[in-house]
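Colleague: sequence first, then the predicted structure, then my questions.
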Amino acid sequence: MTTPRVSYAHLLVQPNPKHVRSLVRFFEQGCSAPGTGGFGVEIEHLPVHNADDTAVTYGEPNGVEELLRRLRPYYDADQEYWQDDHLVGLGREGLAVSLEPGGQIETSIGILRKPEELLALHGRFIEEAQPILDELGFRLVNYGYQPKTSFADIPLNPKRRYAAMNEYLGRIGQFGPCMMRASASTQVSIDYTSERDAIAKMRLGTAIGPILAWFFRNTPYFEGARNPWPLCRQRMWDYLDVQRTNVTPGLYDERFSWEDYAADVLSTPLMFADLTHTPECKGRPEHELEFAAFCSNAADVYPDRELNAYEVNHVLSTHFNDVRLKNFIEMRHWDSLPVERAERLTQIVGDLFYDPERRGRLESYFSGLTGEDVHAAKAVLQSRGGDAKPYDRPMEYWAEVLGVGDTLDQVPGDAMRPEVRQG
């Protein structure tokens, strides 16, 4: 590997070069062979009571924890995840079930070779969960935000990192506690073949993601009332924490590299330090292995050596750009969707990113794009909705170019029962 360029010298806090190398090596190991790309899909579900559509919490009687406990027989014993005697995750081949801070239930599905495989794998999850849900008296809905309950009435689940995130995000920005407790998303991940391919896909995904978010919007409610924003999820994340969200800094600079992405991540406060897999810390008390790190970045927390895979994954997981780089590319723009719409979104992503001809046409259109152009497109979508002209083109144009014409009539649904539906 070549010596890292000093392209991040503007940073006030310099990252540890050994840490930079370990992230870059991690990205290199994620390269897949051309023509073998797959998909990963994450769908977060909001648990709501059948009686009144209010949020179901993790610790309440017959709540989210009880659902996980009853689902255990369907999953592998060696893929159970516990926190202080509380069950917080399950896994098996092709499917992992985990929790977001407010008890939202996330299904991570893949690796998929064809988008339509999503329906079968998610369908099995629902088939197993539905009889249990019926007994417990709640259901899982797909909205971008809880339909009735305010974030202030939803306690955090018992993962220690969420307590630290809550304190940190509650002190900055505008929507941290709302996002943590009451929002839900759909995320689609794709593969890359090289550094150049990864950066090109990140640029394209960052540019078109907000437009796709409009066509797949699914947030009818916010804080117990009608959602006032054309793109509620974008509004929350853009105003959450400028250090770790929105458009990746420098992404559209022609010199941008994996080293620059690594340096940006490593120079940002971790929020939460996790030393549970750091050999040098073996034997330390628990509170010294997991703790809040509001002002500390990776160089302050981890030893002066290359990071191991667990440490790398933790550091990368503390960043939330619109398009996130791991050993795959994760696009994070979209509201929680019913599985049929999530499958259609995955098809569209596959067509745009894995079809060389279609991708080439889009990349040609966006030649010379800047980060400021993307910010402007996001702003006009947020202010004008369907009347917007992102990148100086009307939404009808983008519907045709992106292949989403069949979704134009699929506006946010209303799965709430009529007697409790809100005005």
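Modeller: In hand now; what should we look at? Since we're looking at a predicted model, the values are computed, not measured.

Colleague: ok, and the closest non-adjacent residue to the residue nearest to the spatial centre of the chain?
Modeller: Nearest to the mean C-alpha position of the chain, by CA atoms, centre = their mean, lies residue 332 at 4.4 Å. Nearest residue to residue 332, sequence neighbours excluded (CB to CB, 6 or more residues apart in numbering): residue 187, at 5.1 Å. Using the backbone N, CA and C atoms, a C-beta is placed for each residue, glycine as well.

Colleague: what do you get for residue 391?
Modeller: Per CB to CB, 6+ apart, closest to residue 391 is residue 377, 5.5 Å.

Colleague: which helix or strand lies directly C-terminal to the helix or strand that contains the one you found?
Modeller: For residue 377, the host element (DSSP states H and E) is helix 371-384. Next helix or strand after helix 371-384 toward the C-terminus (DSSP H and E): helix 395-402.

Colleague: what about residue 116, neighbour count?
Modeller: 11 (other CB atoms under 10 Å).

Colleague: wait, it sits on residue 343?
Modeller: Yes. Between residue 116 and residue 343 there is a contact under CB atoms under 8 Å: 6.4 Å.

Colleague: quick one on the thing from earlier: how near is the residue nearest to residue 391 to residue 100?
Modeller: In this view, residue 377 and residue 100 are 28 Å apart by CB to CB, to the nearest Å.

Colleague: check residue 256 too.
Modeller: Distance from residue 256 to residue 100, by CB to CB: 30 Å.

Colleague: now do residue 397
Modeller: 35 Å.

Colleague: comparing these two, which residue is more hemmed in?
Modeller: Between residue 397 and residue 100, residue 100 has the larger neighbour count (other CB under 10 Å), namely 22 against 13.

Colleague: now do the helices in the chain.
Modeller: Per DSSP state H, the chain carries helices over the ranges 17-29, 64-71, 117-136, 160-169, 176-182, 195-215, 232-238, 258-266, 298-301, 309-317, 339-354, 356-365, 371-384, 395-402.

Colleague: with distance to residue 226 and mean pLDDT as extra columns, can I get the ones you listed in TSV?
Modeller: Converted to TSV, these look like this (distance: least, CB to CB, whole Å; pLDDT from 0 to 100):
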stretch	distance to residue 226	mean pLDDT
helix 17-29	42	98
helix 64-71	27	98
helix 117-136	27	98
helix 160-169	25	90
helix 176-182	15	97
helix 195-215	17	98
helix 232-238	11	96
helix 258-266	37	97
helix 298-301	42	96
helix 309-317	33	97
helix 339-354	21	98
helix 356-365	34	96
helix 371-384	16	98
helix 395-402	21	97
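
Colleague: among those helices, which is nearest residue 94?
Modeller: Residue 94 sits nearest to helix 117-136 of all the helices of the chain, at 5.3 Å, using CB to CB.

Colleague: name the residues that touch that closest one?
Modeller: When contacts are defined by CB atoms under 8 Å, 6 or more residues apart in numbering, helix 117-136 is touched by residues 39, 41, 43, 62-63, 66-67, 70-71, 74, 94-95, 97, 107, 109, 112, 139-140, 339-340, 342-343, 346.

Colleague: and that helix, how far out from the chain's middle?
Modeller: 22 Å (CA atoms, centre = their mean, to the nearest Å).

Colleague: give the buried residues for that helix.
Modeller: 117, 118, 121, 122, 125, 129, 132, 133, 136 (16 or more other CB atoms under 10 Å).

Colleague: and the angle from that helix to helix 339-354?
Modeller: Helix 117-136 runs at 150 degrees relative to helix 339-354, counting by axes from the mean of the first three to the mean of the last three CA atoms, to 10 degrees.

Colleague: now helix 117-136 against helix 64-71, angle please.
Modeller: 110 degrees.

Colleague: put the alpha carbons of helix 117-136 into CSV.
Modeller: Written as CSV, here are the backbone C-alpha positions of helix 117-136 (Å, rounded to 0.1, in the frame of the first residue of the first chain):
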residue,chain,number,x,y,z
GLU,A,117,-35.3,-13.0,-2.5
LEU,A,118,-36.2,-10.3,0.1
LEU,A,119,-39.8,-11.3,0.0
ALA,A,120,-39.2,-14.9,1.0
LEU,A,121,-36.7,-14.2,3.8
HIS,A,122,-38.8,-11.3,5.3
GLY,A,123,-41.9,-13.4,4.8
ARG,A,124,-40.5,-16.2,6.9
PHE,A,125,-39.7,-13.7,9.7
ILE,A,126,-43.3,-12.4,9.6
GLU,A,127,-44.7,-15.9,9.5
GLU,A,128,-42.9,-16.9,12.6
ALA,A,129,-43.5,-13.6,14.4
GLN,A,130,-47.2,-13.1,13.6
PRO,A,131,-48.8,-15.8,16.0
ILE,A,132,-46.6,-14.4,18.8
LEU,A,133,-47.6,-10.8,18.0
ASP,A,134,-51.3,-11.8,18.0
GLU,A,135,-50.9,-13.3,21.5
LEU,A,136,-49.0,-10.2,22.8
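
Colleague: number of residues surrounding residue 307?
Modeller: Residues near residue 307, counting by other CB under 10 Å: 24.

Colleague: same thing with residue 52?
Modeller: The burial count for residue 52: 12, using other CB under 10 Å.

Colleague: does it touch residue 148 like I think?
Modeller: Yes. Look at residue 52 against residue 148 with CB under 8 Å: they come within range, at 7.3 Å.

Colleague: just to revisit the earlier point, residue 213 versus the residue nearest to residue 391, what's the distance?
Modeller: 11 Å.

Colleague: report the contact partners of residue 206.
Modeller: Taking CB under 8 Å, 6+ apart as the test, what residue 206 contacts is 247, 248, 251, 321, 322, 323, 374.

Colleague: could you redo the last one with a cut-off of 7 Å?
Modeller: By CB atoms under 7 Å, 6 or more residues apart in numbering, residue 206 lies in contact with 247, 248, 251, 322, 323, 374.

Colleague: what's the closest of the residues you listed to residue 351?
Modeller: The closest of those, once distances to residue 351 are taken by CB to CB, is residue 323, at 17.5 Å.

Colleague: wait, what's in contact with the residue nearest to the closest one when sequence neighbours are not counted?
Modeller: Excluding the flanking residues, the one nearest residue 323 by CB to CB, 6+ apart is residue 205, at 4.3 Å. For residue 205, the contact set (CB under 7 Å, 6+ apart) comprises 323, 329, 331.
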